[in-house]
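# sequence first, predicted model second:
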Amino acid sequence: MPIKIPKLLPARGILEEENIFVMDEDRAQTQDIRPLNILILNLMPEKEKTETQLLRLLGNTPLQVNISFLKMATHESKNTSELHLEQFYTTIAQIKQRKFDGMIITGAPIELLPFEGVDYWEELSEIMDWTKENVTSTLHICWGAQAALYHHFGIRKYELTSKCSGVFTHHINDYSEKLLLGFDDAFLAPHSRNTDIYIEELQNHPNVKLLSSSEEAGPFIMSANDGKQIMITGHLEYEARTLADEYRRDLDKGLNIHMPQNYFPNDDPGKQPLNKWRSHAHLLFSNWLNYYVYQETPFEWD
């Protein structure tokens, strides 16, 4: 089934070139089925890139999905045009009376700031509280995952001595969760962050389950409240060159940054990196939409 997106969204052309099944609002009106309503809170600076990455994964399932984009009212984006935000994004005040079947809260390159030092932390906290009653399942990515663990469960983050950047091997800690149905026993996923979670707090918390982890990259996938909150510390949605672009961006800034690990062929930045996590990215998003959203959300919200 297709993913429904705004007719003029720039990501549409890219997705259609990749044979991702999309439809605009006009065609969707003829579909006599109950679509899933998914809200994406996009905190990444280059919002159009993140839109494409997430829509590529959400559009590869048998379910029709209506997408709404959310922005922070208390923060001014410096890397995305105001026209784009006005055309495709809304604020929590405009949609807080609605119910959503699923929600995604992305990462943000602000992990070195204390949570309370983020200029939109109060608004984000209110949104995360709102999800508990108005969203069937919320998927949190990277900094968004750390923010959710801190806000909902009091699990802290800490600064790493060097950035965790690269593609790492992960293992499954809990085979009972449908989120990881079909996953290989060992699989690859990219990470890009300067902070990590205190694993002792995670393991000792009665309401959080560690589903997957990496010896090199630490905790990866966590679930709470029967999948109502899912936290992922890495970036399965990343494209093959995303880490390379971030690496060159940091070098251009003059940062003392090491090359992403296990990423460039023969550790040669001049060579094209391969996407070795694509299948598990699609599988995770498909499992999330099916088992934690579609199978759990009411046909009609009261």
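Thanks, I have the structure now.

# where along the stretch 101-250 of the chain do the helices fall?
Listed from the start of the chain, the stretch 101-250 of the chain has helices (DSSP state H, counting those that start in this stretch) covering 121-134, 143-153, 199-204, 242-252.

# just the angle for the strand ranked longest in the chain relative to helix 143-153, thanks.
The single longest strand within the chain, with elements called by DSSP state E, is strand 157-172. Relative orientation of strand 157-172 versus helix 143-153 (axes from the mean of the first three to the mean of the last three CA atoms, to 10 degrees): 100 degrees.

# now the helices of the stretch 101-250 of the chain in CSV, with distance to Cys164 and mean pLDDT?
To be clear about C-beta, it is placed using only N, CA and C from the backbone, and glycine gets the same treatment. Formatted as CSV, the helices of the stretch 101-250 of the chain follow (distance: least, CB to CB, whole Å; pLDDT from 0 to 100):
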stretch, distance to Cys164, mean pLDDT
helix 121-134, 23, 98
helix 143-153, 12, 98
helix 199-204, 14, 92
helix 242-252, 11, 95
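
# winner for burial among those?
helix 143-153 (a mean of 23; mean count of other CB atoms under 10 Å).

# now it: how far from the chain's centre is it?
13 Å (CA atoms, centre = their mean, to the nearest Å).

# name the surrounding residues that touch that helix.
Outside helix 143-153, the residues within contact range by CB atoms under 8 Å, 6 or more residues apart in numbering are 41, 43, 105-111, 115, 124-125, 128, 138, 140, 155-157, 193, 195, 197, 202, 205, 207-208, 222, 224, 229, 231-233.

# and those residues, which of them are buried?
Buried by 16 or more other CB atoms under 10 Å: 41, 43, 105-111, 115, 124-125, 128, 138, 140, 155, 157, 193, 195, 197, 202, 205, 208, 222, 224, 229, 231-233, out of the contacts of helix 143-153.

# from those, which land in strands?
Using DSSP E, these in strands are 41, 105, 138, 140, 157, 193, 195, 197, 208, 222, 224, 229, 231-232.

# relative to Lys4, which of the residues you listed is nearest.
Nearest to Lys4 among these: Leu41, at 18.5 Å, using CB to CB.

# ok, the closest one - contacts?
Leu41 neighbours (CB under 8 Å, 6+ apart): Leu70, Lys71, Met72, Met103, Ile104, Ile105, Thr106, Ile127, Gly144.

# let me know the closest of those residues to Asn134.
Distances from Asn134 to the contacts of Leu41, taken by CB to CB, are shortest for Met103, at 8.7 Å.

# what sits against the closest one?
Ile38, Leu39, Ile40, Leu41, Thr131, Val135, Ser137, Thr138, Leu139.

# list of residues touching stretch 205-213?
Contacts of stretch 205-213 (CB under 8 Å, 6+ apart): 149, 153, 155, 170-174, 177, 179-180, 183, 199, 202-203, 219-225.

# quick one: mean pLDDT over it.
Across stretch 205-213, pLDDT averages out at 96.

# can you check stretch 173-187 too?
Stretch 173-187 comes out at a mean pLDDT of 93.

# how far off centre is it?
Mean-position distance between stretch 173-187 and its chain equals 18 Å (CA atoms, centre = their mean).

# again, but for stretch 283-292
13 Å.

# so where is the stretch 1-150 of the chain shaky, pLDDT-wise?
Scanning the stretch 1-150 of the chain for pLDDT under 70 picks out the ranges 1-3, 19, 21, 23-33.
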